[in-house]
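Peer 1: Only the shape, not the letters, is given here:
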């Protein structure tokens, strides 16, 4: 299992029958899922989080990968966990949420439940202008410019908590090549963004095949992906059991922001409820 998780992945076995597979976001790392994992494990549920292919190393390593490589990283771990645990729940952040739903669609009847966090089908949050959405992105992504340009994330870094945001900023100010495995990349090559669009399209095509229970978590203040993304998930899956947790006082990276403990506790409650415990 350790070889599948990667050098920066983690697993904590707390429950012999129930586990939550955590999927970090694009350009992120397993570190952004660790606190959430601790909250869940304290409730007596096992957790596991792999690093996605191309992540935790260098931008050049990331540019060599496709969305299928990222997805394969988590699909292999899911299959290994399913061989060990009776109930395997999956949660993912942002693009990780899409991969979580993709596994559920491709493994019907095997996923106990999915908890998409900050699902991103549309880059339409309040910190992304209409010009960026409608004009700049298409020009860059569908022209040779994609091989030369990158998007550099600025404050608030998806985080409303000023203390956490200041910590991230401090790390970035003193960054070196060794920080990628801890905090991820804050510069995303246009080719990688294009791969995320391919992942979005692939997920959209099979959303109807998601039939397992869902707990949709999304911030009403998400600066990258508006709450319309959560409504999109609710509308397009075929699940009969859908719960929602629309939260305020937090931005896109809900696993590191002010409401992270509330989210972790609700996730654990959801897992136990689905099992009838």
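Peer 2: Done, it's in. Values in this document were obtained by computation on a predicted structure and should not be read as measured data. Numbers count the residues shown, from 1 in each chain.

Peer 1: going forward, measure contacts and count neighbours with C-alpha atoms only.
Peer 2: Will do.

Peer 1: What count of nearby residues applies to residue 106?
Peer 2: Burial of residue 106 is recorded as 15 neighbouring residues (other C-alpha atoms under 10 Å).

Peer 1: Then residue 170?
Peer 2: Residue 170: 11 neighbours (other C-alpha under 10 Å).

Peer 1: And the strands in the stretch 1-150 of the chain, which stretches?
Peer 2: Along the stretch 1-150 of the chain, counting by DSSP state E, counting those that start in this stretch, strands occupy 10-12, 18-23, 46-49, 87-93, 113-117, 150-152.

Peer 1: how far is the longest one from where the chain is centred?
Peer 2: Between the centre of strand 87-93 and the centre of its chain there are 10 Å (C-alpha atoms, centre = their mean, to the nearest Å).

Peer 1: Tell me the helices and strands packed up against it.
Peer 2: In this structure, strand 87-93 makes packing contacts with strand 18-23, helix 67-84, helix 95-106, strand 113-117, judged by 3 or more C-alpha pairs under 8 Å, 6 or more residues apart in numbering; DSSP states H and E.

Peer 1: For residue 229, give me its contacts.
Peer 2: 118-122 (C-alpha atoms under 8 Å, 6 or more residues apart in numbering).

Peer 1: nearest to residue 47, of those residues?
Peer 2: residue 118 (19.5 Å; C-alpha to C-alpha).

Peer 1: Quick check: residue 6 touching residue 51?
Peer 2: Yes: contact criterion C-alpha atoms under 8 Å: residue 6 and residue 51 qualify, at 5.8 Å.

Peer 1: These two - which one has more neighbours?
Peer 2: Set residue 6 next to residue 51 and count neighbours by other C-alpha under 10 Å: residue 51 wins out with 26 against 18.

Peer 1: which residues does the nearest residue to the more buried one once chain neighbours are set aside contact?
Peer 2: Leaving aside its sequence neighbours, residue 51 sits nearest to residue 9 (C-alpha to C-alpha, 6 or more residues apart in numbering; 5.3 Å). Contacts for residue 9 (C-alpha under 8 Å, 6+ apart) come out as 2, 30, 48-51.

Peer 1: Kindly recompute the last result at 6 Å.
Peer 2: By C-alpha atoms under 6 Å, 6 or more residues apart in numbering, the contact list for residue 9 reads 30, 49-51.

Peer 1: Just read off the phi/psi values of it.
Peer 2: phi -80, psi 170 (degrees, to the nearest 10).

Peer 1: Quick check: residue 6 vs residue 83, distance?
Peer 2: Distance check for residue 6 against residue 83: by C-alpha to C-alpha, to the nearest Å, it reads 19 Å.

Peer 1: Can you tell me which of the helices and strands packed on strand 87-93 is nearest to residue 241?
Peer 2: Taking the helices and strands packed on strand 87-93 one by one with C-alpha to C-alpha, strand 113-117 is closest: 9.5 Å.

Peer 1: Give the partner strands of that closest one in its sheet and their orientations.
Peer 2: Applying DSSP bridges, strand 113-117 is found paired with strand 87-93 (parallel), strand 214-219 (parallel).

Peer 1: And those: which comes nearest residue 79?
Peer 2: Nearest of those (C-alpha to C-alpha): strand 87-93, 9.6 Å.

Peer 1: burial measure for residue 196, as a count.
Peer 2: Neighbours of residue 196 under the rule other C-alpha under 10 Å: 19.

Peer 1: since we're on the residue nearest to it when sequence neighbours are not counted, how many residues are nearby?
Peer 2: Once flanking residues are discounted, residue 196 sits nearest to residue 67: 6.7 Å by C-alpha to C-alpha, 6+ apart. Neighbourhood size, residue 67 [other C-alpha under 10 Å]: 22.
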